[in-house]
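Enquirer: starting from these lines, generate the structure:
(one chain, ligands or ions: 1)
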Amino acid sequence: MEARMSIEKLTDAERAEHLPALTGWTVVDGRDAIAKSFKFSDFVGAFGFMSRVALLAEKADHHPEWSNVYNGVDIVLTTHDADGLSMRDVKLARAIDGVAA
Ligand SMILES: C[C@H](O)[C@H](O)[C@H]1CNC2=NC(N)=NC(=O)C2=N1
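Expert: This next block holds a predicted model:
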């Protein structure tokens, strides 16, 4: 099988433009990835959020690394096909914030 079409990593200029504009997302130590933690009033709130994010992630064919404990959801975004951050992560982070709002 031929490799998938390559996805470009963010350039330094794109990082400087897009990453500071993402509210609450921080660059992960030792990885080219961004992370944010979300809290809800209870498990139903957290899981409802995850369900909505799952649907838009599947539609975008770009999926989060995440974990859930009761009312908390920890999300890490990176582009596995690019071995680092790409615009797909910036767009998914914006969409996730839209769902959480
Ligand atoms: C075949 C499929 O399009 C790819 O494997 C997609 C799926 N979801 C993905 N999600 C993330 N976070 N990174 C990827 O590189 C990626 N690649």
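
Enquirer: for the ligand, what are the nearby residues on this structure?
Expert: Asp61, His62, His63, Thr79, His80, Asp81 (CB under 6 Å from any ligand atom). For glycine as for every other residue, the C-beta is placed from the backbone atoms N, C-alpha and C.

Enquirer: okay, buried residues for stretch 7-15 please.
Expert: Of the residues in stretch 7-15, Lys9, Leu10 count as buried by neighbour count, 16 or more other CB atoms under 10 Å.

Enquirer: name the nearest residue to Val73, ignoring sequence neighbours.
Expert: Excluding the flanking residues, the one nearest Val73 by CB to CB, 6 or more residues apart in numbering is Phe38, at 4.6 Å.

Enquirer: only alpha carbons, please: show the helix or strand where that neighbour lies as PDB.
Expert: Taking DSSP states H and E as the criterion, Phe38 maps to strand 34-39. C-alpha atoms of strand 34-39 as PDB (Å, rounded to 0.1, in the frame of the first residue of the first chain):
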ATOM      1  CA  ILE A  34      -1.100  20.600  22.700                       C
ATOM      2  CA  ALA A  35      -3.200  19.800  25.700                       C
ATOM      3  CA  LYS A  36      -6.200  21.100  27.600                       C
ATOM      4  CA  SER A  37      -8.300  19.900  30.600                       C
ATOM      5  CA  PHE A  38     -12.000  20.300  30.800                       C
ATOM      6  CA  LYS A  39     -14.300  20.000  33.800                       C
END
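
Enquirer: paired strands for it, with orientation please.
Expert: strand 26-27 (antiparallel), strand 72-77 (antiparallel) (DSSP bridges).

Enquirer: what's the most buried one of the ones you listed?
Expert: Among these, ranked by average contacts under mean count of other CB atoms under 10 Å, first place goes to strand 72-77 (a mean of 19).

Enquirer: show the average pLDDT along it.
Expert: Averaging pLDDT along strand 72-77 gives 98.

Enquirer: please apply the same query to stretch 18-26.
Expert: For stretch 18-26, mean pLDDT is 98.

Enquirer: ok, Thr78 - contacts?
Expert: Val28, Arg31, Asp32, Ala33, Ile34, Glu65, Gly84, Leu85, Asp89 (CB atoms under 8 Å, 6 or more residues apart in numbering).
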